[in-house]
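Participant: pasting the sequence and the predicted coordinates here, then a few questions.
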Amino acid sequence: MTRTKPAAVEVRGLAKHYGSVVALKDVDLTIAAGEYFVLLGPSGGGKTTLLRTIGGFHRATHGEVLLHGREVGHLPPDKRPTSMVFQSYALFPHMTVMQNVGYGLKIAGLDKASRRDKSAAALDMVGLQGFADRKPHELSGGQQQRVQLARAMVLDRDILLLDEPLAALDAQLRKDMCLELKHLQEKVGITFIHVTHNQEEAMTVADRIALIADGDLIEVGPAREVYRAPDKRFTASFVGENNLLTGKVTAVSGSEVTVDVAGEAIKVDRRGLDVTTGQEVSMSVRSELVRMSLGDTDDARPGHALMGTYNEAVYLGLTTSHLISVAPGCEVTSRVVDDLDDLPAHGAPVRVYWAPGDLRLHTS
Amino acid sequence: MAPHTPRRADGPPVGTHRASMMDRLSKGVFYLPIVFMMLFFALPMALTVVFSVFERTMFWMEPGFTLFAYENFIFSARLTNFLSSMYYSLISVAICFVLGFPIAVFLRKSVPQVAQHRVVLLFILPFMVSEIIRVFALRPVLQRNGLVNTTLQNLGLIDEPITALLYTHTGVIIGEVMSFLPFIVFSGFLAMEAVPKYIFEVCDDLGAGPVRRFVDVILPLAAPGIFAGCVFIFVNGLGVALLPNILGGAGAVNAGLIATQAIAALDFPLAMAVSAIMMTTLMTLLYIGHRLFDLTKILSPIN
């Protein structure tokens, strides 16, 4: 017996204008209950605005927000089933950890004993048992964020909003905290909506990712899909390390499109997109799928390879990126795991190629 | 009073010692303010107390020990006036706080960070006009046939002009609020630095209303700064003779005016005694405040 549960969050035609500045334009989005959802995008792209509008900290210019099927546009933050974790600077400096976590419960009118029990349980959940009597300034950045988490979760609201919660932490700590957030969400099972501009962070935690830039919702999809099969050009440029090629369509035959890139006819799958001959299109291929060879090789099939000159190698530890110039102003990166002992000389002619199907066509 | 002579009249250093001379000079520069303050602040303050027990002569005073000046102060209308000026200063402090502190909170909370300091700057503008002119300009506004009274009469709100606005405690309070309001804005603005950026939004999220927010969050965090601003206004309300001199009247005086009047009457020990009593009041207040809030926190950012 299944009962269709309303989505945790449903956003319809939501827009937010600040005077003449449009921070968010007509966004539609549905987030299922129990999902770990990430809003990913460059700074100033509108993702925080969207999160804050969901939380009730902003009033939308138009459009509506439904939480569990209920319109909440008129409700203040504390009357919504959401609670928020801020970037930083959000703890009460004069209260102990325990008082910080229990403050929301105190406002809700809980008695002292149940406040203490619930707060202690919440602190336990975020791994801060034994820190109850510390003051915020005695905690590290990561611990402070955990206190915020506990303070938000103790309220038993079932949508947790996280506004760049790890941005103020250093890289290693951020990685650890990412995993912890993910595990925490799996354990408590409530909906997490997490804003970040860091794609690695997004990939680590997300069930699904929404890409937001310039106030637009660009693309929504499962984390893996957004990475492996980006639909939009922007997604390809923002997620992962994609090579972007642009050119004019010279022929369309069935599902195969031929594009002229720097004088070479490149073949690419049409993906059901609307393409006409003569149109300017973009294509992307992830740098780890691009191979490089100095001489002729059977692997490089015509239509799936470009000639270029070798520029330089960038050693990144685990991987090495080889930069190959294929046309003036167009560089292709080939990322490989194994170290090459003898690198090609600068300016040496090289061929870059990829397997058919690795190149993706984008019309927008 | 000794004329102020420049302490370091050294000419430009010469020869090979130039560098080390400059070194020593630049180190000395840091001690100059201390020397200045010792010489022209701490020493006169101490002398005030000493002089207050001197014997009064016709035009000055002579060394001795007598508590006559204190007796004169305590067993006369002066004590009553002093105490009532404390009371009315407190009222001014309260009015300044109620009017001024919300401005400071609003500044921190609702004005974009880049514009905040410019808005604070607006509150410095009144100081571009000399205080005596600012205060004196209140007279045509508050007097019997002044702006306030004529306006209210023309509007038909009152029949008889309100005479309590000028040459009374009310007049002094109005003047004090006008003169000292900026200080509570400044100190409140500084005090609000102790309140972290996202706290108001957290309060929104937790459902803390304005009263809770003020009592549970803002007050405990901003208390040292608020206290400092309030003490400043209180002490000035007690000590600035100009305000009751221009706006006050019979009985509406403050400690500063009592001292000024004593000087005019050539009773220097009495003037010194009043000053000493004011200083003691201030020290006591600061001590209490320090014990309560740790005033060293005022300028130190949180964490």
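Facilitator: Sure thing, it's come through. Residues are numbered from 1 along each chain as shown, chains lettered A, B, ... in the order given.
Participant: domain parsing for the chain?
Facilitator: Picking chain A for this. Per automatic domain parsing, the structural domains of chain A span A:9-233, A:241-362.
Participant: hm, I was asking about chain B
Facilitator: Split by automatic domain parsing, chain B gives B:16-51, B:79-297.
Participant: can you list the residues of chain B near chain A?
Facilitator: With Cβ under 8 Å from any Cβ of the partner chain as the criterion, chain B comes near chain A at residues B:194, B:196-199, B:201-202, B:204-208, B:212, B:216-217, B:220-221, B:302-303. C-beta: built from backbone N, CA, C; applies to glycine.
Participant: and if we set it to 10 Å?
Facilitator: By Cβ under 10 Å from any Cβ of the partner chain, the residues of chain B that approach chain A are B:194-209, B:212, B:216-217, B:219-221, B:223, B:302-303.
Participant: pLDDT wise, what is the single nearest residue of chain B relative to chain A at?
Facilitator: Using Cβ to the nearest Cβ, the closest approach of chain B to chain A is made by B:G207 at 3.1 Å. With respect to pLDDT, B:G207 has a value of 92.
Participant: cool, and the one 10 residues further on?
Facilitator: Per-residue confidence for B:V217 comes out at a pLDDT of 92.
Participant: A:A122 now?
Facilitator: On the pLDDT scale, A:A122 gets 95.
Participant: so how many other residues sit close to the closest residue to B:D216 other than its chain neighbours?
Facilitator: Of all residues not flanking B:D216 in the chain, B:A208 sits nearest, at 6.8 Å (Cβ to Cβ, 6 or more residues apart in numbering or on different chains). Counted by other Cβ atoms under 10 Å in any protein chain shown, the residues lying close to B:A208 total 22.
Participant: which residues touch B:A208?
Facilitator: A:D78, A:Y103, A:G104, A:K106, A:I107, B:I199, B:F200, B:V202, B:F214, B:V215, B:D216, B:V217 (Cβ atoms under 10 Å, 6 or more residues apart in numbering or on different chains).
Participant: the residue of chain A found nearest chain B - nearest residue in space that isn't next to it in sequence?
Facilitator: Per Cβ to the nearest Cβ, the residue of chain A with the smallest distance to chain B is A:D78, at 3.1 Å. Closest residue to A:D78 apart from its sequence neighbours, by Cβ to Cβ, 6+ apart: B:G207 at 3.1 Å.
Participant: from A:G109, how far out is the one you found?
Facilitator: 10 Å (Cβ to Cβ, to the nearest Å).
Participant: A:M307 too?
Facilitator: For A:M307, the distance to A:G109 - Cβ to Cβ - is 74 Å.
Participant: mind checking which of the two has more residues around it?
Facilitator: Using other Cβ under 10 Å as the criterion, A:M307 and A:G109 rank with A:M307 on top: 16 against 7.
Participant: ok, residues contacting stretch A:264-272?
Facilitator: Contacts for stretch A:264-272 (Cβ under 10 Å, 6+ apart): A:229, A:231, A:245, A:247, A:249-261, A:275, A:281, A:283-285, A:301-307, A:326-327, A:354, A:356-363.
Participant: show the average pLDDT along it.
Facilitator: Average pLDDT, stretch A:264-272: 89.
Participant: where does chain A dip in pLDDT?
Facilitator: By pLDDT under 70, the low-scoring segments of chain A are A:1-4, A:296-298.
Participant: could you rerun that using 50?
Facilitator: A:1-2 (pLDDT under 50).
Participant: hey, where'd the helices end up in it?
Facilitator: Using DSSP state H, the helices of chain A run over residues A:47-55, A:97-107, A:112-125, A:141-153, A:171-188, A:199-205, A:223-228, A:233-238.
Participant: report how many residues lie close to the residue of chain B closest to chain A.
Facilitator: 15.
Participant: cool, the one 5 residues further on as well?
Facilitator: B:R212 has 16 neighbouring residues, counting by other Cβ under 10 Å.
Participant: which of the three states applies to it?
Facilitator: Counting by DSSP: H, G, I helix; E, B strand; the rest coil, the backbone at B:R212 sits in helix.
Participant: got a list of what it touches?
Facilitator: Contacts of B:R212 by Cβ under 10 Å, 6+ apart are A:Y103, A:K106, A:I107, B:C203, B:L206, B:I218.
Participant: try 7 Å
Facilitator: Residues in contact with B:R212 (Cβ atoms under 7 Å, 6 or more residues apart in numbering or on different chains) are A:I107.
Participant: same question for A:D133.
Facilitator: So, once contact is read as Cβ under 7 Å, 6+ apart, A:D133 ends up touching A:T96, A:M98.
Participant: if we go to 6 Å?
Facilitator: Residues in contact with A:D133 (Cβ atoms under 6 Å, 6 or more residues apart in numbering or on different chains) are A:T96.
Participant: then A:T196?
Facilitator: The contact partners of A:T196, taken as Cβ under 6 Å, 6+ apart, are A:E164, A:A202.
Participant: how near is it to B:L121?
Facilitator: Look at A:T196 and B:L121: by Cβ to Cβ, they are 38 Å apart.
Participant: go on, A:F92?
Facilitator: For A:F92, the distance to B:L121 - Cβ to Cβ - is 31 Å.
Participant: neighbour count for the two, which is higher?
Facilitator: A:F92 (22 against 9).
Participant: can you get me a residue count around residue 174?
Facilitator: Went with chain A since none was named. A:R174, neighbours per other Cβ under 10 Å, totals 20.
Participant: my bad, the chain I had in mind was chain B
Facilitator: Neighbour count of B:I174, defined by other Cβ under 10 Å: 22.
Participant: sec struct for it, please.
Facilitator: helix.
Participant: burial-wise, tell me which of the domains of chain A comes out on top.
Facilitator: Most buried of the domains of chain A by mean neighbour count (mean count of other Cβ atoms under 10 Å in any protein chain shown) is domain A:9-233; its value is a mean of 19.
Participant: and the helix or strand harbouring B:D204, how far from the chain's centre?
Facilitator: Assigned by DSSP states H and E, B:D204 falls within helix B:199-206. Distance, stretch centre to chain centre, for helix B:199-206: 34 Å (Cα atoms, centre = their mean, to the nearest Å).
Participant: only alpha carbons, please: show it as CSV.
Facilitator: Provided in CSV are the C-alpha atoms of helix B:199-206 (Å, rounded to 0.1, in the frame of the first residue of the first chain):
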residue,chain,number,x,y,z
ILE,B,199,22.5,36.2,15.2
PHE,B,200,19.3,38.1,14.2
GLU,B,201,18.5,35.5,11.6
VAL,B,202,19.1,32.7,14.1
CYS,B,203,16.7,34.5,16.3
ASP,B,204,14.2,34.6,13.5
ASP,B,205,14.7,30.9,12.9
LEU,B,206,14.3,30.0,16.6
